[in-house]
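J.: Here is a sequence with its predicted model. Questions after.
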Amino acid sequence: MALDTPSLPSRAAEIAAEADRREIRSRWLLSSPALFIILFAATGPLLIVLIFSFLTPGDYGGIVWKPSSHAWFQVLFQKDIFDDTTTFADAHLSILWRSVKLSFLTTILALIFGFPTAYFIATRAEKSRDIWLFLITIPFWTNLLIRTFAVQEVIRNEGIINTVLIKLGIISNPIQIMFTDAAILMGMLYVYLPLMVLPLYASMEKLDFRLVEAGYDLYANRFQVLRRVIIPLVKPGIIAGSILVFIPSLGAYVTPRVLGGGKNMMLGNLIELQFGQGRNWPLGAALSITLMAIVMVALMVYVRYASRSEARYG
Amino acid sequence: MSTAGSGERRSAIEALGVSKIFGNGDDAVKALDSVDVTIRENEFFTLLGPSGCGKTTLLRLIAGFDFPTEGEIRLYGEDIAPLPPFKRPVNTVFQNYALFPHMTVAQNIGFGLEMLGKPRPEIDQRVTQMLRLVRMEELRNRRTSQISGGQQQRVALARALAPRPKVLLLDEPLSALDFKLRKDMQIELKRLQHETGITFIFVTHDQEEALTMSDRIAVMSNGRILQIGSPRDIYDRPAERFVANFIGDTNFLEGKVKSLAKGKARIALAAGGEVDAGISEGVEPKGNVTIVVRPEHAAILTKPGKDALKGTLETIIYFGTDTHFHVKLASGPHFIIRQQNRHGAKDDLKTGMPVGVEIGENAAQVLKD
């Protein structure tokens, strides 16, 4: 026994080291699906899009492996075919502006409609909350395209709104809602509203309503309680909901396509056009990256603004 | 309102026939059952009772978070029932403090004044004053999540006192604190009440807390107020079995009324002997009654006299400051006697020996039920 003792510590260390190695190996093995997805399903395609935006378009679509920054030039500028003068690409800029404007309005409207809705659900009895949430999520069961056509059925010239208004004698000719920005806005608001309500509800459900009572007790009226107590406390939900609505709105494709028609395009439609009829894959890729950049800048500005206004209270 | 009456302080809060029913149909719960109570100005008034007795409901009605189903609540003679909570000059210290987590200590304390539209310098000055009152000056700019439970308690107090309410409502404010801190805060609360001169309405289920802090106590059960009185009144002269049971240890004895005098009745006890027992206001005892005797208001004797109750000493429990003797009376029931331990007292009592129980003068009280 006495002879064995010196070797014992090193033996124990060996076993421990072996266990560590095994542990590390199994950890890598277990996380490999996640790594695979991150590398090949998220980062990889992004890299391809980035590379494509610096190549030359092929004659029948696709790309030619010849480096060029022309696509990036085309995002903002255009050359006149006849006299070669450079002007701003007005069509692109107006589509860009419409996308940002409509997405922003959709987010604001979703917040205006979603906030009271979420508050209503959060203040119900615990049992009935699930039913309300269930009702909010029901539209998700239907295909987006079908929901959008349903909106079209409501707002088109022979649709429900116009028919009812004409029957009631309020108007004599149908109001043109289809193929306008307003139609796109209504469609996006309808489609993305649940994405605002759900995170708002998650925040409000955690809200300690005794704090609301404390606000009332300390002479704050309903509006002051909303502004000084409820909104600061559910701010994480407001931020999450706004992000969840703004990002898909900016890249929306189906809704502007169906409700806006060919003229009222948004960024998503413009990008699709380049990969399809336009046969300009590099421009499509450059526009996609532009879209991502806008989203990132918007997010950074928004998050900074949100955290700063919180610091003011703190 | 200026007629203060002869020595009697004017009333700050009056509840007149207040009932509160939650829910409807078969689910309806009567939380308050025609409660009448008058709380005087500058009083430390305690609502005492077990959970579910309606004490917090009454507090919430006064604060304005709920509205009475029936009856009227008056603040200095004015009916405040139609006013929302933010229009009542009444502030609450909540059970869990309900401090705003997105504000600092100073912002919490200044919130009420800010909402009242006071100018900034006045708010700052008052906040400083309140911080000094609760001895928290150095924590002015901390977040409320960064301070301890006891400190949160003080901030909650300062926040509720800052707008100079006419009445301060305290909803079990000490229940979340540990024993030592609770004792300190009890003294602190008394000091604050004394210094500010504000009427305090304090809700608790802790009878000891109620006895040590209150000017007057209302004992509540099942939505009704059973008895209102000074701590001494409530303890020495409980009117009902529930009150006697809820506050302190009690001996109940059965007996028959022999004769009545003013505020007193001569009772022939079933356990033998006779005793004079006090009568609560509005009670006219007759026939079989129950009387209560507090354990420390009786003496244990080795050589009992004629009027003493006879029994056998069953158990002796030593508590340090005092000793409890459990006596099985010859007539059946048990009787507990508490005696303070004095230095050098004789130690001649042994379990199993026959003893007598002597009820002190004015110690017994006839119960209403």
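T.: Done, it's in. Numbers count the residues shown, from 1 in each chain, chains lettered A, B, ... in the order given.

J.: and the residue nearest the centre of chain B, how far is that from A:Leu168?
T.: With distances taken as CA atoms, centre = their mean, B:Ala210 lies nearest the centre of chain B, 3.5 Å away. Distance, B:Ala210 to A:Leu168, using CB to CB, to the nearest Å: 68 Å. To be clear about C-beta, it is placed using only N, CA and C from the backbone, and glycine gets the same treatment.

J.: Secondary structure class of the closest residue to chain A within the stretch 251-369 of chain B, three-state.
T.: For the stretch 251-369 of chain B, the nearest residue to chain A under the criterion CB to the nearest CB is B:Glu281, separated by 36.2 Å. At B:Glu281, secondary structure determined by DSSP: H, G, I helix; E, B strand; the rest coil is coil.

J.: Does anything pack onto the lengthiest helix in chain B? Which helices or strands?
T.: For chain B, the helix with the greatest residue count under DSSP state H is helix B:179-196. When contacts are defined as 3 or more CB pairs under 8 Å, 6 or more residues apart in numbering or on different chains; DSSP states H and E, helix B:179-196 packs onto helix B:120-133, helix B:149-161, strand B:199-204, helix B:207-213.

J.: Highest mean neighbour count out of the ones you listed?
T.: Mean neighbour count (mean count of other CB atoms under 10 Å in any protein chain shown) peaks for strand B:199-204 among the helices and strands packed on helix B:179-196, with a mean of 25.

J.: which residues does residue 62 contact?
T.: No chain was given, so I picked chain A. Neighbour list for A:Gly62: A:Trp281 [criterion: CB atoms under 8 Å, 6 or more residues apart in numbering or on different chains].

J.: Hmm, no, I was thinking of chain B.
T.: With CB under 8 Å, 6+ apart, B:Ile62 has these contacts: B:13, B:15, B:73, B:90, B:167, B:169, B:201.

J.: repeat that with 10 Å
T.: With contact taken as CB atoms under 10 Å, 6 or more residues apart in numbering or on different chains, B:Ile62 is in contact with B:13, B:15, B:18, B:39, B:68, B:73, B:75, B:80, B:85, B:88, B:90, B:92, B:167, B:169, B:201.

J.: okay, now the domains of chain B?
T.: Chain B is divided into the following domains under automatic domain parsing: B:11-236, B:249-366.

J.: how about a markdown table for these, with mean pLDDT added?
T.: Below are those laid out as a markdown table (pLDDT from 0 to 100):
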| stretch | mean pLDDT |
| --- | --- |
| domain B:11-236 | 93 |
| domain B:249-366 | 86 |
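
J.: and these as CSV, adding distance to A:Leu193?
T.: CSV is the format used below for these (distance: least, CB to CB, whole Å):
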stretch, distance to A:Leu193
domain B:11-236, 27
domain B:249-366, 63
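
J.: Single out the most deeply packed of these.
T.: Buried most deeply of the domains of chain B, by mean count of other CB under 10 Å, is domain B:11-236, with a mean of 19.

J.: how long is it from one end to the other?
T.: Domain B:11-236 has an end-to-end distance of 26 Å (CA to CA, to the nearest Å).

J.: Same question for stretch B:81-91.
T.: End-to-end for stretch B:81-91, by CA to CA: 15 Å.

J.: How many residues are close by the nearest residue to A:Leu165 once chain neighbours are set aside?
T.: Ranked by CB to CB, 6 or more residues apart in numbering or on different chains and with sequence neighbours excluded, the top spatial neighbour of A:Leu165 is A:Ile171, at 4.8 Å. Using other CB atoms under 10 Å in any protein chain shown, A:Ile171 has 12 other residues around it.

J.: and the residue lying closest to A:Leu144 once chain neighbours are set aside, what does it touch?
T.: The shortest distance from A:Leu144 to any non-neighbouring residue, by CB to CB, 6+ apart, is to A:Val254 (5.5 Å). Shown in contact with A:Val254 (CB under 10 Å, 6+ apart): A:143-145, A:147-149, A:187-188, A:191, A:268-269.

J.: and chain A, which of the helices and strands packed on helix B:179-196 is closest to it?
T.: Per CB to the nearest CB, nearest to chain A of the helices and strands packed on helix B:179-196: helix B:149-161, 7.0 Å.

J.: That closest one packs against which elements?
T.: helix A:209-217, strand B:90-93, helix B:105-115, helix B:120-133, strand B:167-171, helix B:179-196 (3 or more CB pairs under 10 Å, 6 or more residues apart in numbering or on different chains; DSSP states H and E).

J.: May I see those organised as a markdown table, with distance to A:Ile51 added?
T.: Formatted as a markdown table, the helices and strands packed on helix B:149-161 follow (distance: least, CB to CB, whole Å):
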| stretch | distance to A:Ile51 |
| --- | --- |
| helix A:209-217 | 52 |
| strand B:90-93 | 65 |
| helix B:105-115 | 53 |
| helix B:120-133 | 59 |
| strand B:167-171 | 66 |
| helix B:179-196 | 66 |
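
J.: where are the low-confidence patches of the stretch 101-250 of chain A?
T.: Counting by pLDDT under 70, the stretch 101-250 of chain A shows no low-confidence range.

J.: Sketch out the helices for it, chain order is fine.
T.: A:126-137, A:144-155, A:160-167, A:181-206, A:209-217, A:222-225, A:231-233, A:235-250 (DSSP state H, counting those that start in this stretch).

J.: Helices of the stretch 201-350 of chain B, start to end?
T.: B:207-213, B:231-236, B:241-246.

J.: Take these and lay them out in JSON lines including distance to chain A.
T.: Shown next, in JSON lines, are the helices of the stretch 201-350 of chain B (distance: least, CB to the nearest CB, whole Å):
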{"stretch": "helix B:207-213", "distance to chain A": "22"}
{"stretch": "helix B:231-236", "distance to chain A": "28"}
{"stretch": "helix B:241-246", "distance to chain A": "27"}
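
J.: Reformat these as JSON lines; add distance to A:Leu207.
T.: Formatted as JSON lines, those follow (distance: least, CB to CB, whole Å):
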{"stretch": "helix B:207-213", "distance to A:Leu207": "31"}
{"stretch": "helix B:231-236", "distance to A:Leu207": "40"}
{"stretch": "helix B:241-246", "distance to A:Leu207": "36"}
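
J.: closest one to B:Lys303 among those?
T.: Closest to B:Lys303 of the helices of the stretch 201-350 of chain B, according to CB to CB: helix B:231-236, at 28.0 Å.

J.: Give me the packing partners of that closest one, helices and strands only.
T.: Contact partners of helix B:231-236 among helices and strands, from 3+ CB pairs under 10 Å, 6+ apart: strand B:44-48, helix B:207-213, strand B:216-221, strand B:224-229, helix B:241-246.

J.: List the contacts of it.
T.: Contacts of helix B:231-236 (CB under 10 Å, 6+ apart): B:46, B:48, B:207, B:210-219, B:226-230, B:239, B:243-244, B:246-248, B:250, B:278, B:280, B:292, B:294, B:297, B:362-363, B:365.

J.: picking that back up, could you redo the helices and strands packed on helix B:231-236 as TSV and give each row distance to A:Ala42?
T.: Listed next are those as TSV, based on distance: least, CB to CB, whole Å:
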stretch	distance to A:Ala42
strand B:44-48	61
helix B:207-213	61
strand B:216-221	63
strand B:224-229	67
helix B:241-246	66
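
J.: can you tell which of those is closest to A:Ala89?
T.: strand B:44-48 (75.1 Å).

J.: Name the strands paired with that closest one and say parallel or antiparallel.
T.: strand B:199-204 (parallel), strand B:216-221 (parallel) (DSSP bridges).

J.: Output the last one in CSV with nothing but the alpha carbons.
T.: Listed next in CSV are the C-alpha coordinates belonging to strand B:216-221 (Å, rounded to 0.1, in the frame of the first residue of the first chain):
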residue,chain,number,x,y,z
ARG,B,216,-57.8,51.8,19.9
ILE,B,217,-58.4,48.4,18.3
ALA,B,218,-61.3,47.1,16.3
VAL,B,219,-61.5,43.3,16.4
MET,B,220,-63.0,41.9,13.2
SER,B,221,-64.3,38.5,12.1
